[in-house]
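> this is a predicted model, with the sequence first.
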Amino acid sequence: MTESEAPRSVTRRRVFYIAGFDPRPVGIYARTMREQGEAYAALHERRFAMGKRKDLAPHLHRWELSMLSPGAECETEYDFLVWNDLVSQRMDRALPEIYRMALGDLLHFLRLGLFRRVWAADRRMFGCLIYPYWLLPAFLGASVLAGLWAYGLVQSASGLWPAGLLAGFAVAGLLMLWVARNDGRHFALWLAHYYRFAREEALGSAESLVARRAAFAREIREARASGRYKEVLVVGHSAGALQAVLTLDEGVEESAGDATPLGLITIGQNTSLFSLNPEAERARAALARLAARRDLTWVDISSGEDWISFTRLDPTLAADMPAIGQKTGPIVLGAGFRAIFSRKQVRWGRMSVLRGHFLFFHANAEPGLWDWYDIILGQGTLAERFRGASSAVKASRMQMR
């Protein structure tokens with residue numbers, strides 16, 4: 001074993017976390033971190049501490065974390081890189097506009113053949129992709145039928161057609177108001193907005209998002225150059241996986257072998273939606289460049305229990321990918337939730353697709369290859385933890401055109 005391969009005792013680490021297409025406030029993530037960190041420490045006889053959130057910049061919040069285990073302690077500066085404000089701006093649409101948007105996106109994806117490609121690659125993700133495009137019309141049809149029923153009922157009872165018409169419009173409007181106000185139950189509007197974002201992002205990022213990624217990259221470069229940390233990790237969850245890839249590709253240059261170890265973890269990724277999209281040439285080029293970087297350990301984690309992401313698919317293996325030199329990543333692995341989480345946790349995750357999508361960040365009851373709190377607060381680097389691990393890529397037709 002050479003000096004560069006020798007195990008590193010990581011006492012101080014910097015983690016940069018990029019969330020998915022999520023308009024919710026940062027406090028929700030902080031609360032999960034505190035609750036699950038304390039639960040993890042109790043389960044594994046360790047001591048977890050989390051400082052107060054520091055709002056360092058409009059794009060940056062930080063929590064000081066530490067984990068004390070027998071004979072060792074690790075401190076982590078956990079930086080939450082913010083773009084939820086940009087997400088909120090994109091979701092500020094009236095319901096009629098959302099319907100027009102969804103219809104346009106449906107026709108566009110049909111012309112591209114994107115549905116066919118996603119169906120071939122991952123049929124569960126195909127279900128997620130098509131979901132808002134059948135549920136939104138179903139809601140509209142149900143509201144029309146309910147309005148006609150109310151019209152007939154009131155008109156026959158009163159003998160006045162204006163009263164029936166008023167009742168019909170009122171019932172239909174109330175049902176559509178329920179649809180708008182209860183997206184946290186059915187998620188159709190959120191997914192419709194995300195797929196519009198994905199359509200636009202395939203052609204090129206908005207200037208505000210490019211500028212935000214440049215700010216993210218500056219923080220990562222400075223952390224790596226400071227020499228204060230034994231490891232720098234960049235974590236992208238869900239739609240944040242692509243933003244993490246683009247951030248590193250656009251703003252963090254490849255470094256020599258003696259630089260601070262750099263790791264990338266993409267969790268519950270939707271990046272394959274771009275590698276399968278014929279229009280997303282820029283994203284595929286970034287993926288290809290990152291897949292050949294020698295200074296980067298890239299691990300992609302997914303789970304069959306997560307219904308709104310691609311499961312064990314390597315986004316760099318799509319048919320339209322540019323040529324990759326000596327491929328170094330990603331290491332594609334599956335997190336077996338039933339093997340590492342308790343039955344209660346797995347049941348909790350199954351109660352909602354969004355819960356299952358975030359179960360990766362909960363305290364695992366059993367040791368396993370996926371161990372979120374040990375990865376960000378443990379003694380080994382990402383490269384050491386996954387050294388020798390082989391990708392468990394699911395057989396698919398990612399190569400189809």
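Done, it's in.
> separation between the closest residue to Asp85 other than its chain neighbours and Trp83?
Once flanking residues are discounted, Asp85 sits nearest to Pro58: 7.8 Å by CB to CB, 6 or more residues apart in numbering. In this view, the C-beta of every residue, glycine as well, is placed from N, C-alpha and C. Noted for Pro58: a distance of 10 Å to Trp83, by CB to CB, to the nearest Å.
> need the overlap of contacts for the two.
When CB atoms under 8 Å, 6 or more residues apart in numbering defines a contact, no residue borders Pro58 and Trp83 alike.
> more neighbours, those two?
Per other CB atoms under 10 Å, whichever of Pro58 and Trp83 has more neighbours is Trp83, with 22 against 10.
> per-residue confidence at the more buried one?
In the predicted model, Trp83 carries a pLDDT score of 96.
> repeat for Met321
Value for Met321, per-residue pLDDT: 81.
> wait, isn't it in contact with Leu276?
No. Counting by CB atoms under 8 Å, Met321 does not reach Leu276; the two are 10.1 Å apart.
> neighbour-wise, which of the two wins?
A side-by-side neighbour count of Met321 and Leu276, using other CB under 10 Å, places Leu276 first with 27 against 18.
> about what we covered before: where does the residue nearest to Asp85 fall, phi/psi-wise?
Pro58 has phi and psi values of phi -60, psi -30 when expressed as degrees, to the nearest 10.
> before we move on, what about Glu73?
Dihedral angles for Glu73 - degrees, to the nearest 10 - are phi -140, psi 140.
> ok now do Gln155, which residues does it touch?
Here Gln155 is in contact with 161, 163-165 (CB under 8 Å, 6+ apart).
> can we see that at 7 Å?
The neighbours of Gln155, taking CB atoms under 7 Å, 6 or more residues apart in numbering as the test, are 161, 163-164.
> got CSV for the residues you listed, with pLDDT, neighbour count and secondary structure too?
Below are the contacts of Gln155 laid out as CSV (pLDDT from 0 to 100; neighbours: other CB atoms under 10 Å; DSSP: H, G, I helix; E, B strand; the rest coil):
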residue, pLDDT, neighbour count, secondary structure
Trp161, 89, 11, helix
Ala163, 91, 14, helix
Gly164, 90, 21, helix
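> so which of these comes closest to Arg117?
Distance ranking of the contacts of Gln155 against Arg117, using CB to CB, places Gly164 first at 47.9 Å.
> that closest one against Gly147, yeah?
No. Applying CB atoms under 7 Å, one finds Gly164 not in contact with Gly147, separated by 10.0 Å.
> so what's Val26 up against?
Per CB under 7 Å, 6+ apart, neighbours of Val26: 61, 80, 82.
> with neighbour count added, can I get those in TSV?
Below are those laid out as TSV (neighbours: other CB atoms under 10 Å):
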residue	neighbour count
His61	20
Phe80	21
Val82	21
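> let's have those in TSV, adding distance to Ile375.
As requested, the contacts of Val26 are exported to TSV (distance: CB to CB, whole Å):
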residue	distance to Ile375
His61	20
Phe80	16
Val82	22
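> so which residues of the stretch 301-401 of the chain form helices?
Secondary structure of the stretch 301-401 of the chain (DSSP state H, counting those that start in this stretch): helices at 337-340, 343-350, 353-358, 372-377, 382-385.
> outside of the fourth one, which residues touch it?
Read that as helix 372-377. So helix 372-377 is contacted by 13, 15, 37, 40, 65, 67, 74, 76, 233, 360-361, 363, 382, 385 (CB under 7 Å, 6+ apart).
> please parse the protein into its domains.
3-86+205-385, 93-197 (automatic domain parsing).
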